[in-house]
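Q: no letters, just coordinates:
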DNA sequence: GTAACGATCCTC
DNA sequence: AGGATCGTTACA
């Protein structure tokens, strides 16, 4: 797939609560994986926002794994959960501000573990920059007509306050 | 070194 | 409802 207009740094260097809904309808283009189509339109996202957010990995401070989240917007944060599923996240905000958007669904595929399997994304994509990498980038695709917000999934450990934040964004229709 | 725990998915 | 499965983390 040919590169059209790559979305630039300004888009990602904003607060995660602004970026997460704006990612809906954008298309992730990934090259180099021959076995599957390479364009994936985002339909579902979740925001993880700073050290105060008990659902965010950075709530325990800066560690080897979470260091990626402290980088500038547009960097990919990829990690393994439950010993078998790679999660694809896009870092947002200014450098030093640990925020990221979990890509939870793309068109035709729901579930964050299933989309990374389809896209063949794993540890080697951690730290790649969507603004400069020749392998992967983001471009405009569809305009979202309506979307809805719900609490985030799978974060019971975060306590009632953070668990109830409506920081999951789902496309209703394009 | 050792143990506990997941930002999930699939199959009972 | 429960099992798979392993990198990260915290603590001794």
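A: Done, it's in. Remember, it's a predicted structure, so these values are computed and weren't measured experimentally. Numbers count the residues shown, from 1 in each chain, chains lettered A, B, ... in the order given.
Q: use CA for all of it now, contacts and neighbours both
A: Will do.
Q: what does the strand ranked longest in chain A rub up against?
A: For chain A, the strand that runs over the most residues, judged by DSSP state E, is strand A:39-49. Strand A:39-49 is contacted by residues A:1, A:16-17, A:20-21, A:23-30, A:55-56, A:98-107, A:141-142, A:152, A:167-171 when judged by Cα atoms under 8 Å, 6 or more residues apart in numbering.
Q: and for stretch A:136-152?
A: So stretch A:136-152 is in contact with A:4-7, A:24-31, A:41, A:46, A:129-131, A:163-174, going by Cα under 8 Å, 6+ apart.
Q: recalculate using a threshold of 6 Å.
A: Residues outside stretch A:136-152 that contact it (Cα atoms under 6 Å, 6 or more residues apart in numbering): A:5-7, A:25-30, A:130, A:164-174.
Q: name the next helix or strand downstream of the longest strand of chain A, please.
A: strand A:76-81 (DSSP states H and E).
Q: so for that next one, mean pLDDT?
A: On average, the pLDDT along strand A:76-81 is 98.
Q: counting contacts, what elements does that strand pack onto?
A: strand A:85-91 (3 or more Cα pairs under 6 Å, 6 or more residues apart in numbering; DSSP states H and E).
Q: in the strand it packs on, what counts as buried?
A: Within strand A:85-91, the residues scored as buried using 16 or more other Cα atoms under 10 Å are A:85, A:86, A:87, A:88, A:89, A:90, A:91.
Q: below-threshold pLDDT in chain A: ranges please.
A: A:1-4, A:33-37 (pLDDT under 70).
Q: close to DNA strand B: what parts of it are there?
A: Within chain A, the residues that sit near DNA strand B (Cα under 7 Å from any atom of the strand) are A:46, A:48, A:55-58, A:80-85, A:87, A:89, A:100-102, A:110-115, A:153-155, A:157.
Q: list buried residues within those residues.
A: Among those, those scoring as buried are A:46, A:48, A:55-58, A:85, A:87, A:89, A:100-102, A:112-115 (criterion: 16+ other Cα under 10 Å).
Q: mind checking how far residue A:121 is from DNA strand C?
A: 14 Å (Cα to the nearest atom of the strand, to the nearest Å).
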